[in-house]
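sequence and predicted structure below; questions after.
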Amino acid sequence: MTTLRRSLVLLALTVLAALLAGLAVADPFHLRHAPWFVGGTVLLLIVLATATLTVAVKVRPVRVLVGVLGAVAAVAWVVVALLAIDLRDEGQPVAEVVSGGQRLVVLDRAVVIDPASAVVLRAGGGLFEQESPVWFGAPEGPGPDAVAFRGTDEVEVRVGSCLLVSRVEPVTLAVDPVHRASGAC
């Protein structure tokens, strides 16, 4: 295989990796483990871009430089991605309501250092489990009194005397609107 052909094949793979990384960052299906997909696809993109440039460049010192810079970028990305994923606090489940293949989960999370409640909608399981936020409580504020499904495309969160209703798109699990605690609710 010629150098030009190798370069073109690697370039095509790099473009494909860039498209996959863009899809992982956009996360149109609200995947619960999306940060891992972003970390993996961006790492793949860095490795393929480094390989493409290393094969395409003919001057040996420049090849070595590109390889070293690519390796440093890959290691730096792994460290940053693992730190970002590790610092994410998903919270502890407090209550769960199940309807069909979907679950409304009440979580206790830390917001900076203060505890706060949140309600998320989950569907599926494993690597492709989906999760969308429904309601975020105020730090040190009250949690929801009740959560429930209203048919197949709506969920409700009751906080004090307020009833907050959101519509759910069943395929992407997009929730609209995502409610936040306010003075009234």
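The structure has been received and is ready for your questions.

which helix or strand contains A73?
A73 belongs to helix 60-87 when assigned by DSSP states H and E.

so where do the helices sit in this protein?
Assigned by DSSP state H, the chain shows helices spanning 3-26, 34-56, 60-87.

same for the helix holding A73, what does it pack against?
Packing partners of helix 60-87 (3 or more CB pairs under 8 Å, 6 or more residues apart in numbering; DSSP states H and E): helix 34-56. From N, CA and C alone the C-beta is placed, and that goes for glycine too.

pull out the buried residues from the helix it packs on.
For helix 34-56, a neighbour-count test (16 or more other CB atoms under 10 Å) marks 34-35, 37-39, 41-56 as buried.

and for stretch 143-162?
For stretch 143-162, by 16+ other CB under 10 Å, it's 143-144, 147, 149, 155-157, 159.

end-to-end on it?
End-to-end distance of stretch 143-162 (CA to CA, to the nearest Å): 12 Å.

name the surrounding residues that touch it.
Defining contact as CB atoms under 8 Å, 6 or more residues apart in numbering, one finds that stretch 143-162 is touched by 94-95, 97, 99-100, 102, 104, 106, 108, 117, 119, 121, 134-135, 137, 142, 163-170, 175, 179, 181, 184-185.

and that stretch, how far out from the chain's middle?
On the basis of CA atoms, centre = their mean, to the nearest Å, stretch 143-162 sits 24 Å off its chain's mean C-alpha point.

filter the contacts of stretch 143-162 to the buried ones?
Among the contacts of stretch 143-162, the ones that count as buried by 16+ other CB under 10 Å are 102, 104, 106, 117, 119, 121, 134-135, 137, 164, 166, 168, 175, 179, 181, 185.

closest one of the residues you listed to V15?
The nearest member of these to V15, counting by CB to CB, is V175 at 32.9 Å.

can you list the weak-confidence ranges in the chain?
Counting by pLDDT under 70, the chain has low-confidence residues at 184-185.

and it, what are its domain boundaries?
Per automatic domain parsing, the structural domains of the chain span 3-87, 92-180.
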